[in-house]
Each structure stands twice: as structure tokens, then as C-alpha cells.
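Peer 1: Need coordinates for the following:
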Amino acid sequence: MHFELLDKVYYGNTLMDYMISLGIFILSLLVIFIVKNVIIRKLKLIAQKTSTSIDNLIVELIEKKIVPFLYLGTFYFSMQGLKMAPAVQKVFTVSVSLLLTILIVRAVSVLLSVILEQRWASSDKNASRRNAFRSLLTGIQIVMWAIAVVMLLDNFGVNISTLVTGLGIGGIAIAIASQAVLGDLFSYFTIIFDRPFEIGDFIIVGDRMGTVEHIGMKSTRVRSLSGEQLVFRNTDLTDSRISNYKRMENRRVVFSIGVTYDTDIALLKEIPLKIKSIIESIPLTKFDRSHFFSFGNYSLTIETVYYVASSDYNVYMNIHQDINFRIMEEFKSMGVKFALPTQTLHIVPDKSSSSLLSAS
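Peer 2: Predicted coordinates for the structure are as follows:
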């Protein structure tokens with residue numbers, strides 16, 4: 001009697017089929033419960049003991065994205081043993097495919113976001129670069145969703161060849177029409193990721209120079225020394241040779257001093273030693289060399305090289321001014337004179353004129 005009841009058919013399936021399907025579903029839920037409350041909990045405890053945060057994010061990803069996928073898989077496989085009407089089967093298959101696609105895309109998107117945040121964005125203090133990372137991530141997510149939609153339409157029997165061809169032709173037309181804008185956009189990402197300069201850096205591009213104030217998707221704005229704002233296309237910057245003085249750790253300084261030709265040789269030998277002692281006594285400087293360099297048109301030239309351990313131009317000027325003051329003081333105490341542009345004219349009397357004057 002009981003076995004006859006189990007063999008009764010309801011909506012194309014026996015009661016035994018429904019019970020087996022229900023048993024598979026309940027057993028799978030039990031397995032998921034163990035995974036969620038035992039295994040994942042232990043993984044959380046292990047992740048909390050580590051110094052890195054990436055494992056915590058992975059465990060959180062498993063709990064929030066992978067576990068719902070397991071629930072969907074449980075429901076899908078428990079229903080496979082049942083016979084369904086064609087319309088119901090189609091609705092069931094479409095619904096499962098749609099939910100599965102959404103779960104996969106969201107899981108991959110979250111995983112990619114975690115990797116990018118941990119690798120670049122979270123460790124970067126530059127706000128514009130963090131925004132660029134997020135913009136890039138948004139673009140990647142849009143592409144992923146677009147691919148997922150096309151794959152879903154293809155699985156549902158929609159002919160996507162015409163759609164893809166139309167999108168390809170339209171994309172080419174848009175790319176040609178907005179070539180300059182897209183070029184600046186790609187140059188923007190090049191600047192952000194390659195970091196040839198950052199906001200606050202002092203750069204020289206051709207004959208233009210100034211401090212970077214803003215890096216945008218289309219253009220970069222630079223404040224010149226005279227006060228006006230210079231606007232560069234990002235493509236122009238990536239195609240140009242840029243001098244970045246903010247990245248300069250040591251500034252090399254070369255300067256020359258001219259003394260008069262009547263300077264005593266003993267004093268001339270002493271001048272490089274005096275200049276060396278002056279530079280070495282000033283903080284943030286590193287002496288390189290000082291030599292009697294050449295015989296000039298009106299002076300004996302002393303050339304000196306030293307380094308300033310700062311990229312700040314004002315620091316360099318203050319140090320160089322201090323050196324100049326001390327050199328003047330030393331030269332004054334030594335009796336050494338700076339050479340000025342002078343010419344000595346030698347007049348040789350004509351012999352014929354002298355003889356005529358003596359005869360007269």
C-alpha cells in the first residue's frame with residue numbers, strides 16, 4: 001500500500017522522485033551549512049592571525065559570493081531528476097543561466113577589485129591615481145557585463161552575429177570620430193600608471209615650465225613661474241621629452257670665478273682650497289672639485305663644482321648665495337681682486353715721426 005502511494009504520478013513525476021529530489025536538496029544544504037559554519041569560520045580565524053589582509057578578503061569573497069553559487073548549484077542539481085513540462089524547463093534553464101552568469105560576473109569583478117585595490121590603489125596616496133584605478137576597474141566591469149550579456153543571448157538562441165557586426169562597425173566609426181579624445185584618454189592612463197610626473201612636480205616641456213596642478217583625462221594643467229596656467233594635451237606630454245626636477249635628488253652646480261692677472265701665484269693656488277672649505281662648511285652640500293680652469297681674455301678662471309642635496313630651487317639659491325657672500329669675504333681678506341672686462345692698450349711710437357721731431 002505504501003509502495004503504491006510512492007509510485008503515484010503527480011505532474012509527470014512519482015512521489016518517490018519528489019522525495020529523492022528533496023533529499024538531495026536537504027543533504028546539499030547540510031553540506032553547505034557545514035562549509036559555511038565550520039570550514040569558513042576556521043578560515044576566518046586563520047586569516048585573522050596573518051599580517052596580510054588579502055586572505056581576509058578572499059575568505060569574505062568565498063562567504064559572500066561563492067556560497068550563493070553553491071545554493072544555486074544545489075537547487076539546480078536537485079531538480080535534474082524531475083521531469084518538467086517544456087515551458088517550465090525553459091523558464092527554469094533561463095533563470096538558472098541568468099543567475100549563474102550574474103554570480104560569476106560579480107565574483108570575478110569583486111576578485112579583480114580586491115587584487116587591484118591591494119596591488120595599487122590602497123597603497124597609493126595619490127588621489128588622482130586612485131581615481132584612475134577605479135575608472136579602469138569600472139571600464140573592465142562594463143566590458144565583463146557586456147561579454148556576459150552576449151554569451152547569454154547566444155545561449156538563449158539569439159543570432160548575435162548581426163549584433164556583433166553592427167557593434168563592430170559602430171565602434172570603428174566612433175573610434176575614428178573621437179580619435180583625438182581617445183588618444184588623450186589612453187595617454188592619461190599612461191601618465192597615471194607610468195608616473196613620469198605627479199601633481200606638485202616641477203617639469204619642463206620644451207620651452208615651457210611650471211608646477212603640475214591637475215592631471216585630467218583630456219589635459220594636464222601646469223602653473224608657470226610667471227603665474228599663468230598652461231594647458232597641455234595628454235598626448236602632447238607623452239610624446240614629448242619631459243624634465244622632472246621634483247625627482248632630482250641632488251642638484252649639480254657649476255660656477256666660475258675670474259680673478260685678475262696680477263694675482264700672486266701663491267694666492268691663486270690657495271683659492272681652490274678656500275672655496276672647498278667654504279662649501280664643506282655649509283649644510284646640504286657636497287663638494288666635488290675646484291680648479292684653476294683657464295686663462296681668459298681678461299681673467300684667470302677658477303671653476304668649481306658641488307652638489308646640493310635638495311630639489312627645492314629656493315634651497316639651492318639660498319646655499320649658492322651664502323657661498324658667494326663667503327667667497328667675497330675671503331677674497332677681501334686675502335687681497336684677491338675679481339676681474340672686470342678690461343683691455344690694455346700699448347702705444348708704440350713711430351720711428352720716422354720721432355726723427356722728424358728731433359730734426360725740427
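Peer 1: how far away is the closest residue to residue 63 other than its chain neighbours from residue 30?
Peer 2: Nearest in space to residue 63, with sequence neighbours left out and distances taken as C-beta to C-beta, 6 or more residues apart in numbering, is residue 40 at 5.4 Å. C-betas here are computed from N, CA, C, even on glycine. Here the criterion is C-beta to C-beta, to the nearest Å. By it, residue 40 lies 15 Å from residue 30.
Peer 1: Which of these two has more residues huddled nearby?
Peer 2: Between residue 40 and residue 30, counting by other C-beta atoms under 10 Å, residue 40 is the more crowded of the two (17 against 10).
Peer 1: what about the helices in the stretch 51-200 of the chain?
Peer 2: 54-61, 67-78, 86-116, 127-155, 161-177, 179-194 (DSSP state H, counting those that start in this stretch).
Peer 1: Now distance to residue 13 and mean neighbour count too, for those, in TSV please.
Peer 2: What follows is these, written out as TSV (distance: least, C-beta to C-beta, whole Å; neighbours: other C-beta atoms under 10 Å):
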stretch	distance to residue 13	mean neighbour count
helix 54-61	37	16
helix 67-78	13	16
helix 86-116	12	14
helix 127-155	26	15
helix 161-177	39	10
helix 179-194	56	16
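Peer 1: Quick one: those as JSON lines, columns for mean pLDDT and distance to residue 240 too.
Peer 2: Shown next, in JSON lines, are these (pLDDT from 0 to 100; distance: least, C-beta to C-beta, whole Å):
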{"stretch": "helix 54-61", "mean pLDDT": "71", "distance to residue 240": "39"}
{"stretch": "helix 67-78", "mean pLDDT": "74", "distance to residue 240": "50"}
{"stretch": "helix 86-116", "mean pLDDT": "74", "distance to residue 240": "29"}
{"stretch": "helix 127-155", "mean pLDDT": "73", "distance to residue 240": "20"}
{"stretch": "helix 161-177", "mean pLDDT": "65", "distance to residue 240": "24"}
{"stretch": "helix 179-194", "mean pLDDT": "80", "distance to residue 240": "11"}
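Peer 1: still on that earlier bit, next up, the contacts around the residue nearest to residue 63.
Peer 2: Residue 40 sits next to 59, 62-63, 67 when contact means C-beta atoms under 8 Å, 6 or more residues apart in numbering.
Peer 1: a helix runs through residue 204, doesn't it?
Peer 2: No - counting by DSSP: H, G, I helix; E, B strand; the rest coil, residue 204 falls outside a helix, being strand.
Peer 1: wait, what's in contact with it?
Peer 2: 242-243, 245.
Peer 1: Repeat the analysis, applying 10 Å as the threshold.
Peer 2: Residues counted as contacts of residue 204 (C-beta atoms under 10 Å, 6 or more residues apart in numbering) are 210, 222, 240-245.
Peer 1: List the buried residues in stretch 279-295.
Peer 2: Within stretch 279-295, the residues scored as buried using 16 or more other C-beta atoms under 10 Å are 279, 282, 285, 287, 290.
Peer 1: Residue 248 versus the second one, what's the distance?
Peer 2: From residue 282 across to residue 248, the span is 19 Å (C-beta to C-beta).
Peer 1: Over to residue 341?
Peer 2: Applying C-beta to C-beta to residue 341 and residue 248 gives a distance of 34 Å.
Peer 1: again with residue 291
Peer 2: 25 Å.
Peer 1: same check, this time on residue 215
Peer 2: For residue 215, the distance to residue 248 - C-beta to C-beta - is 20 Å.
Peer 1: Residue 46 now?
Peer 2: Counting by C-beta to C-beta, the gap from residue 46 to residue 248 is 47 Å.
Peer 1: Can I have the buried ones of the contacts of residue 204 as a ChimeraX selection?
Peer 2: Those of these that count as buried under 16+ other C-beta under 10 Å are selected in ChimeraX with:
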select :210,222,244,245
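Peer 1: Adding pLDDT as columns, could you present the contacts of residue 204 in TSV?
Peer 2: As requested, the contacts of residue 204 are exported to TSV (pLDDT from 0 to 100):
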residue	pLDDT
210	90
222	93
240	88
241	89
242	89
243	87
244	87
245	81
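Peer 1: which secondary structure elements does the helix or strand harbouring residue 29 contact?
Peer 2: Using DSSP states H and E, residue 29 falls within helix 15-34. Secondary-structure packing of helix 15-34 (3 or more C-beta pairs under 10 Å, 6 or more residues apart in numbering; DSSP states H and E): helix 2-6, strand 9-10, strand 13-14, helix 67-78.
Peer 1: Give me the buried positions along it.
Peer 2: Buried, per 16+ other C-beta under 10 Å, within helix 15-34: 17, 21, 24, 28, 32.
Peer 1: tell me the angle of it relative to helix 67-78?
Peer 2: If you take axes from the mean of the first three to the mean of the last three C-alpha atoms, to 10 degrees, helix 15-34 sits at 160 degrees to helix 67-78.
Peer 1: returning to that earlier point: with distance to residue 95 as extra columns, can I get the contacts of residue 204 in TSV?
Peer 2: Formatted as TSV, those follow (distance: C-beta to C-beta, whole Å):
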residue	distance to residue 95
210	59
222	56
240	56
241	59
242	55
243	61
244	56
245	62
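Peer 1: Among the contacts of residue 204, which ones are in helices?
Peer 2: Among those, none falls in helices (DSSP state H).
Peer 1: If we only consider the contacts of residue 204, which is nearest to residue 329?
Peer 2: residue 245 (30.8 Å; C-beta to C-beta).
Peer 1: where does the stretch 201-350 of the chain dip in pLDDT?
Peer 2: 349-350 (pLDDT under 70).
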